[in-house]
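A.B. asks: Have a look at this prediction, sequence included:
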Amino acid sequence: MKENNVFVSNELVFSAIKESFVKLNPFSLYKNPVLFIVGLGAIITTIATANDFILNDMSSVNFSLQISIWLWFTVLFANFAEALAEGRGKAQAENLKKTRRDTQAKRLNKQSNEYEIVSASNLLKDDRVVVVAGEVIPADGTVVEGMASIDESAITGESAPVIRESGGDRSAVTGGTMVLSDRIVIQVTAEPGKSFLDKMIALVEGAERKKTPNEIALNILLFGLTAVFLLAVVTLKPFAIYQNLNISVVVLVALLVCLIPTTIGGLLSAIGIAGMDRVLQRNVLAMSGRAVEAAGDIDVLLLDKTGTITVGNRMASEFFPAEGVTVDDLGLAALIASTFDDTPEGRSIVKLANELRIHYVTAKNSTPIPFSAETRMSGIDTVSESYRKGALEAISAWVRSLGGDVPKSVHEHFVKISKMGGTPLAVAKGSKILGVIYLKDIVKPGIHARFARIRAMGIRSIMITGDNKLTAAAIAQEAGVDDFLSEAKPEDKLMLIKTLKKEGRMVAMSGDGTNDAPALAQADVGLSMNTGTQAAREAGNMIDLDSDPTKVIEIVEIGKQLLITRGALTTFSIANDVAKYFAILPAMFLGVFPDFAKYNIMHLESPNSAILSAIIFNALIIIILIPLALKGVKYRPRNALSLLSYNFFVFGVGGVIIPFIGIKIVDMIINGLNII
Ligand SMILES: Nc1ncnc2c1ncn2[C@@H]1O[C@H](COP(=O)(O)OP(=O)(O)OP(=O)(O)O)[C@@H](O)[C@H]1O
Ligand SMILES: [K+]
Ligand SMILES: [Mg+2]
């Protein structure tokens, strides 16, 4: 799903043309009040044409016919814009559907631990399956055993293999992707028919697209304008009769269509769809247009530290024993404490101990104490002793509760490791702290520049981490975030978002862990990493298939661009309509009030050619603006007010001037061709 340089292919244009006719269906048209009115106008003028024909009024037939043709074109052009915007998503959905073929699955029997071959479509939630190298993963799930490299290109378009492993924040796998090496056991997390791939297909197809609150508000405005003009035009008829002026129904319809905001009415949904598509081209799945819009208004960005700002495989790299303790004693305690720790951190401790030739045979009857973000520690209770490792604060509290204390040397190691940006894990055997494990992690390259860019967009970045204050400060400084929150438990992340939202801020959050899920769900824009846990992927309203947390930058730009484009084209459309009004009204009344000639500043040939020119211009402007609606108005980081006044000037003033020039040109052409 990589960026495609060919903006639209011939094939896409062809199917969009076909689709424009399908969309003439009244059940599809009524959703767009402006277009619906134009459609009705097209029908009325078509009937009028037939009527003129029956009455054998040939000069009227010519005019009515041309007006009705151009009204049909107006609706078709708007349908075409929408169909073109939808086209790319549909093409992508077709490709994804090819991925969704039925595969075989090796379902584990829970008792015997043997597997039987079943069809993937028969897998239920919580079933466990074995997948080995060369096989396609049959369903969405969480890796519960083992580690493997996986080819996710079927979904992400990215050919570099990714690692998925049990225990940590990289445990989620997607049905349809392929295992390249090793063997993993997966617990199925999706009911049949509700897989990630199914959801993705529905999303890119646009089947689940709902109007966003902004779109609804704008639609109400457009509907209101349409109603007002409808009233104005209808009341023109009695006025004309009173003035002894014969204004035909065709002219009234034409005047109405010129006045109502057809340009934005025709392009509105294309703008929204194109915005979502642009997000998709960046390999981000947006669950709703609302999320994309919200991104345009973001003013605070929250990010998880580990795996988001840092590379994220926090690896044990050294043991720092307390005074009077040997490295081997500390290493052994750390190893015992990690016996059942299935997190990447835990496994890296076992590896480090083994490298130092420290070994341990698991004692019988021991109780594992799994890691939790709440307790910030993990360990084991053997028959004779309790072992714990974790954040120093948590371990300190634990040993104190048993009558122990924190040695000075441990505190010194803690400070030293933290200041390097590492995560210090204290290790306790009973009430005694034996030392500290250095978990090393590095800041992702290039991230500093990304945060500078985020700041230039007027967005404040806050890093949130379960780690201690010193480590957080060191990483925050190196990465260049504006602020940080340390020692954060899942509910602290959630609280921070709630507080910020109460202050009226729009909050984006990117994260990957199960402990990020509540916050991801609460944020206005919750960007989940595709590599993250299943819980995180379900919680957010966007998923980054590339798992790049700073992708928020691009998403915000696209969101802003969407809002700007919609605003600019609305301004343009309304300015246009005002101008058209002044362009054709003098010509219309020329026949009755010769005085109006002095208002006919464009010197349009005749009332009929003035009206037809305005209708032709009104239809063509939709086609002309399609590329702008699809590509979006260019966004450059600058302050909101200057951006607003700039766009108002360009699209407002431009919108007033262009119809005068455009209608004059069309008028010259149709008179040159002598078709009226
Ligand atoms: N396997 C583990 N066993 C014991 N303690 C751990 C383990 N992993 C992490 N910790 C401790 O728990 C703290 C919180 O870890 P956690 O991974 O939940 O942080 P977080 O909230 O996800 O934020 P971040 O991922 O940015 O650090 C860590 O700083 C560390 O001190
Ligand atoms: K119009
Ligand atoms: Mg984490």
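C.D. replies: Okay, I see it. Residues are numbered from 1 along each chain as shown. Ligands and ions are numbered 1, 2, ... in the order given.

A.B. asks: Could you chop the protein up by domain?
C.D. replies: 10-91+204-280+556-673, 124-191, 298-309+444-545, 313-440 (the TED database).

A.B. asks: what pLDDT does the residue of the stretch 351-500 of the chain found nearest ligand 1 get?
C.D. replies: Nearest to ligand 1 in the stretch 351-500 of the chain, going by C-beta to the nearest ligand atom, is Gly466, at a distance of 2.5 Å. (C-beta placed from N, C-alpha, C; glycine too.) On pLDDT, Gly466 comes in at 90.

A.B. asks: Can you give me the neighbour number for it?
C.D. replies: Other residues lying near Gly466 total 23 when counted by other C-beta atoms under 10 Å.

A.B. asks: unless I'm mixing things up, it is touching Arg376, no?
C.D. replies: Yes: the pair Gly466 and Arg376 qualifies as a contact (C-beta atoms under 8 Å) at a distance of 6.3 Å.

A.B. asks: ok, now how distant is the residue of the stretch 351-500 of the chain closest to ligand 1 from Phe229?
C.D. replies: Gly466 sits 59 Å away from Phe229, going by C-beta to C-beta, to the nearest Å.

A.B. asks: Show me what from the stretch 551-676 of the chain comes close to ligand 2.
C.D. replies: Asp577, Asn618 (C-beta under 5 Å from the ion).

A.B. asks: So, low pLDDT: which residues of the stretch 551-676 of the chain?
C.D. replies: In the prediction, the stretch 551-676 of the chain carries residues with pLDDT under 70 at positions 588, 590-594, 596-601, 637-640, 676.

A.B. asks: On the three-state scheme, Gly435 is what?
C.D. replies: strand (DSSP: H, G, I helix; E, B strand; the rest coil).

A.B. asks: which outside residues touch stretch 425-437?
C.D. replies: The contact list for stretch 425-437 (C-beta atoms under 8 Å, 6 or more residues apart in numbering) reads 316, 318-322, 325, 329-330, 333-334, 337, 345, 349, 352, 385-392, 395-396, 398-399, 402-404, 406-407, 410, 413-414, 417, 424, 439.

A.B. asks: now, which of the residues you listed lie close to ligand 3?
C.D. replies: With C-beta under 5 Å from the ion as the criterion, these include none near ligand 3.

A.B. asks: Which ones among the residues you listed lie within strands?
C.D. replies: Taking DSSP state E as the definition of strands, these contribute Ala316, Glu318, Phe319, Phe320, Pro321, Ser386, Tyr387, Arg388, Lys389, Gly390, Pro424, Leu439.

A.B. asks: number of nearby residues for the fifth one?
C.D. replies: Other residues near Pro321 come to 20 when the count uses other C-beta under 10 Å.

A.B. asks: List the beta-bridge partners for it.
C.D. replies: Following DSSP bridges, Pro321 is listed with bridge partners Gly435.

A.B. asks: Please tell me the pLDDT value assigned to it.
C.D. replies: 97.

A.B. asks: same thing with Ile309?
C.D. replies: 88.

A.B. asks: Excluding covalently adjacent residues, which one is nearest to it?
C.D. replies: Nearest residue to Ile309, sequence neighbours excluded (C-beta to C-beta, 6 or more residues apart in numbering): Ala479, at 4.9 Å.

A.B. asks: Report how many residues lie close to the closest residue to Leu392 other than its chain neighbours.
C.D. replies: Distance criterion C-beta to C-beta, 6+ apart; nearest residue to Leu392, sequence neighbours excluded, is Ala426 at 4.5 Å. Residues within reach of Ala426, counting by other C-beta under 10 Å, total 29.

A.B. asks: Now do the strands in the stretch 151-300 of the chain.
C.D. replies: 162-165, 172-173, 178-179, 183-188, 284-286, 300-304 (DSSP state E, counting those that start in this stretch).

A.B. asks: Now Val234. Nearest residue, chain neighbours left out?
C.D. replies: Per C-beta to C-beta, 6+ apart, closest to Val234 is Leu252, 7.7 Å.

A.B. asks: Who are the contact partners of the one you found?
C.D. replies: Val233, Val234, Leu236, Lys237.

A.B. asks: Any chance you could spot the residue sitting in the middle of this protein?
C.D. replies: Ala286 (3.2 Å; C-alpha atoms, centre = their mean).

A.B. asks: Could you show which parts of this structure are in contact with ligand 3?
C.D. replies: Thr306, Gly513.

A.B. asks: Report the helix or strand with the lowest average pLDDT across the chain.
C.D. replies: Here the helix or strand of the chain ranked lowest by mean pLDDT, DSSP states H and E is helix 640-647, holding a mean of 75.

A.B. asks: Give me the helices and strands touching the first helix or strand past it going along the chain, please.
C.D. replies: Downstream of helix 640-647, the next assigned helix or strand under DSSP states H and E is helix 654-672. In terms of contacts (3 or more C-beta pairs under 8 Å, 6 or more residues apart in numbering; DSSP states H and E), helix 654-672 is packed against helix 552-589, helix 607-631.

A.B. asks: now the angle between helix 552-589 and the last one, please.
C.D. replies: Meaning helix 607-631. Angle between the axes of helix 607-631 and helix 552-589 is 180 degrees (criterion: axes from the mean of the first three to the mean of the last three C-alpha atoms, to 10 degrees).

A.B. asks: quick one, what contacts whatever residue of the stretch 401-550 of the chain ends up closest to ligand 3?
C.D. replies: Among the residues of the stretch 401-550 of the chain, Gly513 lies closest to ligand 3, at 4.2 Å counting by C-beta to the ion. When contacts are counted by C-beta under 8 Å, 6+ apart, Gly513 touches Asp169, Asp304, Gly307, Ala373, Gly532, Thr533, Ala536.

A.B. asks: Give the buried subset of the residues you listed as a ChimeraX selection command.
C.D. replies: Filtering these down to the buried ones (16 or more other C-beta atoms under 10 Å) takes a single ChimeraX command:
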select :169,304,307,532,533,536
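
A.B. asks: Closest one of the contacts of Gly513 to Asn244?
C.D. replies: Lowest distance from Asn244 to those (C-beta to C-beta) belongs to Ala536, with 73.6 Å.

A.B. asks: mind listing what the residue in the stretch 51-200 of the chain that ligand 1 sits nearest to touches?
C.D. replies: Nearest residue of the stretch 51-200 of the chain to ligand 1 (C-beta to the nearest ligand atom) works out as Asp169 at 7.3 Å. Each residue near Asp169 by C-beta under 8 Å, 6+ apart is listed here: Thr306, Gly307, Gly312, Asp512, Gly513, Thr514, Thr531, Gly532, Thr533, Ala536.

A.B. asks: Then Asn219?
C.D. replies: Per C-beta under 8 Å, 6+ apart, neighbours of Asn219: Asn32, Pro33, Lys211, Leu268.

A.B. asks: out of these, who's near ligand 1?
C.D. replies: Among these, not one lies near ligand 1 by C-beta under 6 Å from any ligand atom.
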